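Novice: predicted model and sequence follow; I will ask about them next.
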Amino acid sequence: MTPIINVIIPAYNEQDSIANVIQDIPSIVNEIIVISNNSTDNTIKNAKNAGATVLSETKKGYGYACLKGMDYISRKKIKPEIVVFLDGDYSDYPEQLTTLIQPIIANNIDFVIGARVKELREQGAMTPQQIFGNWLATSLMQFFFDAKFTDLGPFRALKYDKLLALEMEDKTYGWTVEMQLKALKQKLSYIEIPVKYRNRIGVSKVSGTVKGSIFAGVKILGWIFKYSFK
């Protein structure tokens, strides 16, 4: 039997890409939840027209948007069994969702990350600072926790009950690494699945700016060192 699947998509000014993302999500998904994170363009309109449930979060930050989506799910009468996180810029390939959730369904894995491996990545899809940041963060997690992660990829799936148990709290750039660190601490079973990755539509609000890259790097390293010395 196909499990109940919800998708959470944080989106800030993604009017040109959000409909593509929604339309490419496989039909096995029960609900697509787009959280407009203070968008000033037609993101909300375009997401609604594409068939998504649309929420608004005025506090700016990737984590704020994800937490808004989780709060919405927590109020639903029928809860999902699997939650998938996906970016709204069309850099991921939403149709690969079926591959991403397969280890959860077939092998009872708790947590799956879509790893943006070099051989499947479009040239220029990740900036040099993203590539270095991923390498540094995953190397530190390997050093401190013997982790097998190679990426902090935003395309990820996990069991809903395990997601709740993580008690996620980061409001901004540290969301992905917080999830991975807490998964390690709680000894969740996890696996990476190689996924394709392309140049996003529009300009990145994080890695596309020096300020965003610095803040993201500081936040990610802060989470790693916080958990390393607990």
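Specialist: In hand now; what should we look at? Just so we're clear, the structure is a prediction, and the values are computed from it rather than from any experiment.

Novice: L100 in helix, strand or coil?
Specialist: Of the three states, L100 takes helix under DSSP: H, G, I helix; E, B strand; the rest coil.

Novice: identify the bridge partners of the closest residue to E119 other than its chain neighbours.
Specialist: In space, E119 comes closest to P194 once its chain neighbours are excluded; the distance is 7.9 Å by C-beta to C-beta, 6 or more residues apart in numbering. All C-beta atoms are positioned from the backbone trio N, CA, C, and that covers glycine. In this structure, P194 has beta-bridge partners A115, where bridges are defined by DSSP bridges.

Novice: check the gap between P194 and Q96 for me.
Specialist: As judged by C-beta to C-beta, to the nearest Å, P194 and Q96 stand 10 Å apart.

Novice: what about F144, neighbour count?
Specialist: 15 (other C-beta atoms under 10 Å).

Novice: cool, and P128?
Specialist: Using other C-beta under 10 Å, P128 is surrounded by 9 other residues.

Novice: next: T58.
Specialist: T58 is surrounded by 9 other residues when neighbours are defined as other C-beta under 10 Å.

Novice: where do the helices sit along this structure?
Specialist: If you assign secondary structure with DSSP state H, the helices in the chain sit at 18-24, 43-49, 62-74, 97-107, 128-145, 160-166, 175-185, 210-228.

Novice: and the first one, what other elements does it pack with?
Specialist: Taking 3 or more C-beta pairs under 8 Å, 6 or more residues apart in numbering; DSSP states H and E as the contact definition, the neighbouring helices and strands of helix 18-24 are strand 5-11, strand 31-36, helix 43-49.

Novice: make it 7 Å
Specialist: In terms of contact count using 3 or more C-beta pairs under 7 Å, 6 or more residues apart in numbering; DSSP states H and E, helix 18-24 is assigned the packing partners helix 43-49.

Novice: packing partners of the helix it packs on?
Specialist: Packing contacts for helix 43-49, counted by 3+ C-beta pairs under 7 Å, 6+ apart, involve helix 18-24, strand 31-36, strand 53-56.

Novice: thinking again about what came up before, how about the helices of the chain, which one is nearest N37?
Specialist: Proximity of the helices of the chain to N37 was assessed by C-beta to C-beta; the nearest stretch is helix 62-74, lying at 4.3 Å.

Novice: what packs against the closest one?
Specialist: By 3+ C-beta pairs under 7 Å, 6+ apart, helix 62-74 packs against strand 5-11, strand 31-36, strand 53-56, helix 175-185.

Novice: specify the angle between the second one and strand 5-11 in degrees.
Specialist: If I follow you right, that is strand 31-36. With axes from the mean of the first three to the mean of the last three C-alpha atoms, to 10 degrees as the basis, strand 31-36 and strand 5-11 are set at 10 degrees to each other.

Novice: what sits up against strand 31-36?
Specialist: With contacts defined as C-beta atoms under 7 Å, 6 or more residues apart in numbering, strand 31-36 is touched by 6-11, 18, 22, 25, 43-44, 47, 52-57, 65, 68-69, 72, 88.
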